[in-house]
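> need coordinates for the below:
(chains A, B and C)
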Amino acid sequence: MTATVPPTENHDGGARREAPARPTARAWARENLFNNRHNSVLSVVIAAGLVVLTIYGARFLFVTGQWEPVRTNLTLLMMGTFPRAEQWRVVVQVYLLCAAVGLVWGGLTSSSRDRARDAGIPFSRARLRDGIRRWWPVFVLLLALLGMTRTWLPLGFVASALTVGVVARRAMEALGAVWRGPAWFFAGICALAGWQVVSGTGGIAWWWGSALVAAAVLRTTRNVRTDARWQPLARFALIAGAIAVVWAVYAQFDFSGVGWDDWSGFQLNLVAAAASIVLAFPVGLAAAVGRRSKLPAVRFLSVGYIELIRGVPLITLLFMGDLFLGFFLPTEDPLSKVTRAIAVMTLFTGAYLAEIVRGGLQAVPRGQVEAAQAIGLSAPRVLGMIVLPQALRAVIPALVGQFINLFKDSTLLSIIALTEILRIRESIHGQREFLIVGIAETLVFVAFAFWALAFTMSRESQRLERRLGVGER
Amino acid sequence: MSLSSRNAASPVAGEPSVPIVSSWWRRTGFLSAIWQAALVAGVCLAGWWLYGNLVENLTRTRIPTDFDFLTQPTGFAIPENFGFDPSLPIWRMVLIGVQNTFLAGLVGVLLASIVGLIVGVARLSSNWLVARMAQVFVEGFRNTPPLVVIVFFSFAVFSFGPLPVFPEALDLKLPGSDSNWLVLSKSRIGIPSLSAERHTGLFWIIVVCGVVAAAGVWIWRSRRHVRTGEPHHRVLWALGTLVLVVIVAFVTLGGPYDWALPARSENGRRLISGFGTSAAYLSLTLALALYTASHIAEVVRASILAVPKGQSEAAGALALSPFQRYRHVVLPQGLRIAVPPTINQYLNLVKNTSLGTVVGYADVTNLTRTSIGNANPAPQSIAVLMGVYLVFSLVISLLLNIYNRSVQIRER
Amino acid sequence: MTRTDTATTKGADDQAMVTLEGVDKYFGSFQALRDIHLSVARQEVVVVLGPSGSGKSTLIRCVNRLERHDRGRITVDGVELSNDVKTIRQVRRLTGMVFQQFNLFPHLTVLDNITLAPRQVRRMPRHEAEDLAMELLERVKIPEQARKYPGQLSGGQQQRVAIARSLATEPKVMMFDEPTSALDPEMIKEVLDVMQELAGTGMTMICVTHEMGFAREVASRVVFMDEGEIVEVGTPEHFFIEPAEERTKRFLEQIL
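Numbering: from 1, shown residues only, chains lettered A, B, ... in the order given. Here you go, the predicted model:
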């Protein structure tokens, strides 16, 4: 508890001053643990405490801990009541998502490598050792999960899924810049397919497909000469045609799937958090821009929304969603429970995202807007091409932080009787053989699952923050 | 500042190189008015539609649409509150809930501040082990859902933990005596409390006089410092005066208060003296305090690091002592950075007390939920609940704004 | 008060590029511009001088509508500034502006900074815009920096990129708002050289600057402002050698 500056060692004559690289263990300990009497006592006491704790902890983990409830119900905790016959969908989805993530990751690495090369900034590729150091909580979680399974199948699954991701990433890095555009599109297709293999072709998924196709059309026609009058019209027609094709293709298939109402377990925590943050992003962006608007009515509405939501706990909003959100709609059959919960979490997150984005907007100097205006950009372009890219880049770490919060808050869904992981843990102790067995163990398992992911994400976002800070200037 | 008179004017004399058409509908003022009108109309329409649906659905399902239910009897007992009569109206129940929320929030805030401050300073310790342990604490609690921690305390530590049930509670005796200082059990924990013995009114009057006297001493020392330049030590002087007055009053009045040590009744089923807290309350406050402390520790650390080193060096160059440097240069600047995020954390803690619902703590959210379960109208109940939290938030952000403004004025 | 509104020393045709007639500008109750009358002819280089807070920057910021004037008329190349969104965009396309703080976009490379306006405003295809950008970078003598980010360049290089970026919209008037004030002394010259060269090509320019050498050598006219009004206008010879107004004399005494 001493914040004193360590005194420089002047009593040993400073023999090896010219080699500051790595101090010997002895020198290091003297510098950091025993630099004065006070600290020495403190170090010894804490070290003794740590030894006791480690022994106790290790005994709990490997000897006394009753992990049987977790082991028996591992699938239940992870996937909940997801229909067992449909599990293959999730397996395929994981492969597809791994491929998509690998493609995107590889694309990002190689494009930032190219840009760094153009700009003459040194670029170092991440190594496997760094990866393990940075991601160890996730690996420990994976190992714990695999260690508790009874067959080799899951190990094979995890290993092959990771391989798919790594191969996709490597392939993306190996391919030249020319392939990057099509590969983005392919990653989008993978993600879309991954979604649809679970949710089926019904619902709103085809909107995403259409957006993807439209983006592809826009991108490929970007560099076509544009002085012709009919050009925007032609593009529009092209996009409409492509969307019509997508729609026709979708109409051909009748591939029904599992809606998110059947999702439960840890999956539900992840899906609810991810869906809410994605859906909340446009809401937050609009509210943030609205709060800084010059128009008083827009500002007033934005401030009202943001402050109202931020002033109340999430749980009161979840009660609202659970008890009477359906009453606001004229339909006789109400929205499903999960849909209402995700709608409420979106509404909730939107207000927090708005404040985060506002912070980013404030960080963009006024001169940037003026310069963009002076070269003749219109107001939407000033916002979209100059202000937002800078503002959003500055708030990426905060966005990750908000996602972590939302992920942690997804446990609150248990209060409105959604079967997310905490609720499932409770139900495990309703099983006759586990009534009072391993209460602490199941909780430790759940806590660790959250901690491993949240901790890794928060550390990655801090790393990103540092890198963005360095790359900017 | 109106420009309207000139807008209709055609371009200046001499032919313009770019043809321009000035249309009334492209004027900036008109465009913004249209935007706002459209938006407001849209929001109003949507709101009206939603409200209409709500009222219609409520009438269809025969749920009342007014707030009359607040005066109806509550109809259920409140856990841990033996004085509450179930026939009291619901608004009284809400008040009890607010009180309980406040109780959990206050103790949580105090604990979180103390732990957060210690851990935050420890993270900057020169002792590697101390700094690392503090980091483990912060990263551990910050990245675990608070609800899981609450449930862990409630179930793993208390309900299914190693403690005995209340009738066989663990009585921890004071050394060399037969009375307890702590009574531990799965469901209730007894701690010592103060019991009023005699002359308490007089005692408090004297304490108030002591505060006035301390203020007087404070002013006297400050004036003297300004006049003569000698160190004022006004904190020491004022506190000393107050402590002296309190001790003298306590002794001469023959001990107006005494410790009431926790004791159980003959059959061991009731706590007959001392202060009893429920396991639910302890789980909630401890878990939230630790969770919030991990955030406050980061605030403390960041604030200390945020004061530029040059500031301390400049103060040192003026020959200020280390304490003076800290007191007059580093602390005021660090505090200015730390106060707003800390208050935000306090607000979060108060909002998070609503998680007490899970472990059965009778906070305002839990009581409202029970009351909705007793067939009271949900929309209005939730509206009241949100109103309570909004008032809390607004008061706190008002205080924060006042603080920020005063800081801004001092900065000029 | 000496005014030589219509006097032009350079330029073949007499049609003004920029005119301000009776322009007032308030910031709240503070009057930043008082009844400004100024006309800038084609190919003329006008240098605006004056103590800080005299309204020099406000003057040029009104011309491209970064600030809204409250009274009077401003025309650029025959287009009168009004509240009409379209005319504002036209005027901004006709004018280029260089800022004291460069205001390059830090998230874009030098090349992207320059090609942004041609591609977005003038809808130029990418390769054409990049050819144009490289040409402009040659002109400001830093073609080798095209792929770098603004943060990697020195102040003088950044300001030259900013000039190239403004030129990429092919403006008819260039306005400079103290372009060298944020630069280290050794970098000032490289920027002034570029500006002088630009003046040599016949570009109409309005420069707010403290560089007296530049004013003397390059300016066709010098405008002296104080407390929001134009005190004196004249050729550099006249202005620096025999100023008519007392305020001008005092100002010149202080800085020379």
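> quick one: pLDDT of the closest residue to chain B within chain C?
Going by Cβ to the nearest Cβ, chain B is nearest to residue C:78 of chain C, at 3.2 Å. In this view, the C-beta of every residue, glycine as well, is placed from N, C-alpha and C. pLDDT, residue C:78: 88.
> what distance do you get for it to residue B:272?
96 Å (Cβ to Cβ, to the nearest Å).
> now do residue B:36
In terms of Cβ to Cβ, residue B:36 sits 67 Å off from residue B:272.
> which of the three states applies to the residue nearest to residue C:146 when sequence neighbours are not counted?
Nearest non-adjacent residue to residue C:146, counting by Cβ to Cβ, 6 or more residues apart in numbering or on different chains: residue C:111, 4.5 Å away. Following DSSP: H, G, I helix; E, B strand; the rest coil, we place residue C:111 in the helix state.
> contact residues of chain C facing chain A?
C:64-66, C:89, C:92-93, C:95-97, C:99, C:101, C:103-107, C:109, C:116-117, C:120-121, C:123, C:125-127, C:147-149, C:151-152, C:162, C:165-166, C:168-169 (Cβ under 8 Å from any Cβ of the partner chain).
> what do you get if the cut-off is 6 Å, keeping everything else the same?
Proximity of chain C to chain A, by Cβ under 6 Å from any Cβ of the partner chain, involves residues C:64, C:66, C:92-93, C:97, C:99, C:101, C:103, C:105-107, C:117, C:120-121, C:123, C:125-126, C:147-149, C:151, C:169.
> am I right that residue C:141 sits in a helix?
No - looking at residue C:141 with three-state DSSP, it is coil, so not inside a helix.
> next, give phi and psi for it.
phi 70, psi 30 (degrees, to the nearest 10).
> and it, how many neighbours?
Residues lying near residue C:141 (other Cβ atoms under 10 Å in any protein chain shown) number 14.
> and the one 10 residues further on, by the same measure?
By other Cβ under 10 Å, 15 other residues sit near residue C:151.
> does it count as helix, strand or coil?
With three-state DSSP as the criterion, residue C:151 was assigned helix.
> which pLDDT value goes with it?
86.
> same check, this time on residue B:23
59.
> could you do residue A:435 as well?
Residue A:435 is given a pLDDT of 88.
> okay, now the nearest residue to it once chain neighbours are set aside: neighbour count?
The spatially closest residue to residue A:435, leaving aside those adjacent along the chain, is residue A:429, at 6.2 Å (Cβ to Cβ, 6+ apart). Using other Cβ under 10 Å, residue A:429 has 16 other residues around it.
> list the contacts for residue C:224?
By Cβ atoms under 6 Å, 6 or more residues apart in numbering or on different chains, the residues touching residue C:224 are C:49, C:50, C:231, C:232, C:248.
> try it again at 10 Å.
C:2, C:47-51, C:54, C:56, C:230-234, C:239, C:243, C:245, C:247-248, C:251-252 (Cβ atoms under 10 Å, 6 or more residues apart in numbering or on different chains).
> looking at this, it is in a strand?
Yes - under three-state DSSP, residue C:224 falls within a strand.
> what's the burial count for residue 75?
I'll assume chain A. Residues near residue A:75, counting by other Cβ under 10 Å, number 14.
> looking at chain C here, not the other one
Using other Cβ under 10 Å: residue C:75 sits among 22 other residues.
> show me where the stretch 301-412 of chain B has helices.
B:309-317, B:322-325, B:331-352, B:364-373, B:378-411 (DSSP state H, counting those that start in this stretch).
> out of those helices, flag the one nearest chain C.
That would be helix B:378-411 among the helices of the stretch 301-412 of chain B, by Cβ to the nearest Cβ, at 19.3 Å.
> helix B:364-373 and that closest one, what's the angle between them?
Here the directions of helix B:378-411 and helix B:364-373 differ by 160 degrees (axes from the mean of the first three to the mean of the last three Cα atoms, to 10 degrees).
> buried ones in helix B:378-411, by neighbour count?
B:378-382, B:384-386, B:388-390, B:392-393, B:396-397, B:400 (16 or more other Cβ atoms under 10 Å in any protein chain shown).
> nearest spatial neighbour of residue 166, chain-adjacent residues omitted?
Since no chain was named, I'll use chain A. residue A:102 (6.5 Å).
> hmm, I had chain B in mind actually
residue B:185 (4.2 Å).
> contacts only, for the one you found.
B:158, B:163-171, B:264, B:268, B:271, B:279.
> now the helix or strand hosting residue B:204: buried residues?
Element membership of residue B:204, judged by DSSP states H and E, is helix B:200-228. Neighbour-count burial for helix B:200-228 flags B:203, B:206, B:207, B:210, B:214, B:217, B:218, B:221 (criterion: 16+ other Cβ under 10 Å).
> let me know the closest of those to chain C.
residue B:218 (42.6 Å).
> any idea how far chain A is from that closest one?
Using Cβ to the nearest Cβ, to the nearest Å, one gets 29 Å for the distance from residue B:218 to chain A.
> that residue contacts residue B:237, correct?
Yes - counting by Cβ atoms under 10 Å, residue B:218 touches residue B:237, with 7.1 Å between them.
> which one is the most centrally placed residue in chain B nearest to, not counting chain neighbours?
Closest to where the C-alpha atoms of chain B average out (Cα atoms, centre = their mean) is residue B:346, at 3.8 Å. Excluding the flanking residues, the one nearest residue B:346 by Cβ to Cβ, 6+ apart is residue B:109, at 5.1 Å.
> do you know the pLDDT at residue 67?
With no chain named, the answer covers chain A. Residue A:67 is given a pLDDT of 91.
> chain B, not that one
Looking at residue B:67, the pLDDT reads 86.
> show me which positions of stretch B:266-276 end up buried.
Those would be B:271, B:273, B:274, B:276, for stretch B:266-276 by 16+ other Cβ under 10 Å.
> could you redo those as CSV and give each row secondary structure?
Listed next are the buried residues of stretch B:266-276 as CSV, based on three-state DSSP:
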residue, secondary structure
B:271, strand
B:273, strand
B:274, coil
B:276, strand
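> ok, so of those, who is nearest chain A?
residue B:276 (24.2 Å).
> so what sits opposite the closest one in the bridge?
With beta bridges defined as DSSP bridges, residue B:276 has these partners: residue B:190.
> pretty sure it sits against residue B:184.
No - contact status for residue B:276 versus residue B:184: not in contact, 11.6 Å apart, counting by Cβ under 10 Å.
> what about residue B:230, helix or strand, and which?
Counting by DSSP H and E, residue B:230 is part of no helix or strand.
> how about it, nearest residue that isn't a chain neighbour?
residue B:224 (6.8 Å).
> same check, this time on residue A:439
residue B:160 (4.3 Å).
> can you pull out the helices in the stretch 51-200 of chain C?
C:56-63, C:85-94, C:110-120, C:126-139, C:155-167, C:185-200.
> ok, now how distant is residue A:65 from residue A:55?
From residue A:65 to residue A:55 the distance is 14 Å (Cβ to Cβ).
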